[in-house]
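S.K.: I'll drop the sequence and a predicted model, then ask my questions.
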Amino acid sequence: MISLIILALSVGCNQAIQVNRPAEPPDDPGLQTGTPLPTVDQTLTPTGKPTKTRAAAEEVESLRSSATLPPTRTLTPTSVHPGTIALKFYPPLVMDYDPAAWVDRSDYPNDQFVVNYLESQLLANCSIGVHGPSGIPPAPARAVTLGDVRYVVYTYDDSPWIGMSAWYIEDQSVPGHDYSQGLPVLVIASGLEEWRECKSQAELVLASLRTP
């Protein structure tokens, strides 16, 4: 009798355990052995719109390919006589100078860089330079007439240590000259102590501006 009771209890426990055991989830068909995982297409699809970096690079390359240096007239040393300086930026304009007072430092054959100026032989730091057409920084201006040549003058106190400079812009007063390339710009520069004397001597040269 006792054996029958124990057997009945054992069978009941096993059934209870079997009933309360949670069901296992079904296998995920996407993770079954032998089924390849999906791949990610990493190929970039062009949008037709360049990035900012690419656009900037293309713009720089375009400017580089289209940029050209302005042509300059090449003058041979034999075409410029002592006592005459030719203005390379403004052919065929020339100025006359005293070879005892000035030396022409111009490099006429050089068509890559414009070296075009007179250097005083009487003063330690005094020169007359030829400047290309350009914008002039704001400064008080005054009109002067040197001989028959009219100028608008801008004077600058560059610094107490470097010196003075004055920009003389010729005011379309040379008969027969073509001003389509711009107004001639001449620059007088010197140290502070020599400024008055340099300016006085240099204006004598600027008064001679003419066509040959």
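M.R.: Done, it's in.
S.K.: buried residues in the helix or strand where residue 201 lies, which are they?
M.R.: Per DSSP states H and E, residue 201 falls inside helix 195-206. Within helix 195-206, the residues that qualify as buried by neighbour count (16 or more other Cβ atoms under 10 Å) are 195, 198-199, 201-206. C-beta: built from backbone N, CA, C; applies to glycine.
S.K.: which elements pack onto the biggest strand by length in the chain?
M.R.: Counting residues, the longest strand found in the chain (DSSP state E) is strand 149-159. Where contact means 3 or more Cβ pairs under 8 Å, 6 or more residues apart in numbering; DSSP states H and E, strand 149-159 is packed against strand 141-146, strand 163-170.
S.K.: quick one: mean pLDDT for the first one?
M.R.: Strand 141-146 carries an average pLDDT of 95.
S.K.: same thing with stretch 110-118?
M.R.: Rounded mean pLDDT across stretch 110-118 is 91.
S.K.: which residues are contacting the helix holding residue 201?
M.R.: Residues outside helix 195-206 that contact it (Cβ atoms under 8 Å, 6 or more residues apart in numbering) are 85, 95-97, 101-102, 118, 120, 122-123, 125-126, 128, 146, 149, 151, 163-164, 166, 168, 186, 188-190.
S.K.: buried among those residues? Make that a PyMOL selection.
M.R.: To isolate in PyMOL the members of the contacts of helix 195-206 that are buried, counting by 16+ other Cβ under 10 Å, one can use:
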select buried, resi 85+95+97+101+102+118+120+123+125+126+128+146+149+151+163+164+166+168+186+188+189+190
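S.K.: in this structure residue 165 contacts residue 192, no?
M.R.: No: with contact defined as Cβ atoms under 8 Å, residue 165 does not count as touching residue 192 (11.1 Å).
S.K.: stretch 83-103: end-to-end distance?
M.R.: 9 Å (Cα to Cα, to the nearest Å).
S.K.: buried stuff in that stretch?
M.R.: 84-91, 93-95, 97, 101-102.
S.K.: please identify which pair of those lies farthest apart.
M.R.: 91 and 101 (24.6 Å; Cβ to Cβ).
S.K.: what's stretch 113-125 in contact with?
M.R.: With Cβ under 8 Å, 6+ apart as the criterion, stretch 113-125 contacts 72, 85-89, 97, 100-107, 126-130, 132, 163, 190-191, 194, 197-198, 201, 205.
S.K.: so where's this protein shaky on pLDDT?
M.R.: Residue ranges of the chain with pLDDT under 70: 1-79, 135-138, 158-162.
S.K.: kindly recompute the last result at 50.
M.R.: Filtered on pLDDT under 50, the chain yields the residue ranges 1-78.
S.K.: just the helices in it please.
M.R.: 2-20, 52-66, 195-206 (DSSP state H).
S.K.: what angle do the helix holding residue 201 and strand 149-159 make?
M.R.: 150 degrees (axes from the mean of the first three to the mean of the last three Cα atoms, to 10 degrees).
S.K.: and helix 195-206, C-alpha only, in CSV?
M.R.: Taking C-alpha atoms only, helix 195-206 is exported to CSV below (Å, rounded to 0.1, in the frame of the first residue of the first chain):
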residue,chain,number,x,y,z
TRP,A,195,62.9,114.8,-48.0
ARG,A,196,62.7,118.5,-48.9
GLU,A,197,65.9,118.3,-51.1
CYS,A,198,64.9,115.0,-52.7
LYS,A,199,61.4,116.2,-53.5
SER,A,200,62.8,119.4,-55.0
GLN,A,201,65.2,117.6,-57.3
ALA,A,202,62.8,114.9,-58.2
GLU,A,203,60.1,117.3,-59.3
LEU,A,204,62.5,118.8,-61.9
VAL,A,205,62.5,115.3,-63.5
LEU,A,206,58.7,114.9,-63.2
